[in-house]
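[1] quick one: sequence and predicted model below, then my questions.
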Amino acid sequence: MIGCSCVAMFSIGFGVGVAERRSVSTALALAGLVSMTLFMTLDFDRPQGRFIRLDPTPIKGVAERLARETAAQNSP
């Protein structure tokens, strides 16, 4: 994911260089968007020290229901 972000930012920089016209606001907006996307993805991925906190109850309920359905399908 970080590699894809680097490629995206490189391509934007390359496009700005080829066009010989600089749009600082567009570059900053895209850099901020990529940064926030990476931050949120990494924050959801790491359970400790999170800034964004979610209630795991709905996810646990879905996991339990899937386990029951899988067990029912696998039993003769």
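    Thanks, I have it.
[2] with adjacent residues omitted, what lies nearest to Ala27?
    Excluding its sequence neighbours, the residue lying closest to Ala27 (CB to CB, 6 or more residues apart in numbering) is Ile12, at 6.3 Å. Where you see a C-beta, it was placed from the backbone N, CA and C, and this is true even at glycine.
[3] next, count neighbours for the one you found.
    A count of nearby residues for Ile12, using other CB atoms under 10 Å, gives 16.
[4] what strand or helix carries it?
    Applying DSSP states H and E as the criterion places Ile12 in helix 2-19.
[5] what is the mean pLDDT for the helix or strand just after that helix?
    Using DSSP H and E, the helix or strand that follows helix 2-19 towards the C-terminus is helix 24-45. Mean per-residue pLDDT for helix 24-45: 82.
[6] how far away is the spatially most central residue of the chain from Ser5?
    The centre of the chain sits closest to Thr41, judged by CA atoms, centre = their mean, with a distance of 3.7 Å. Thr41 sits 10 Å away from Ser5, taking CB to CB, to the nearest Å as the criterion.
[7] do Leu28 as well
    Leu28 is 15 Å from Ser5, by CB to CB.
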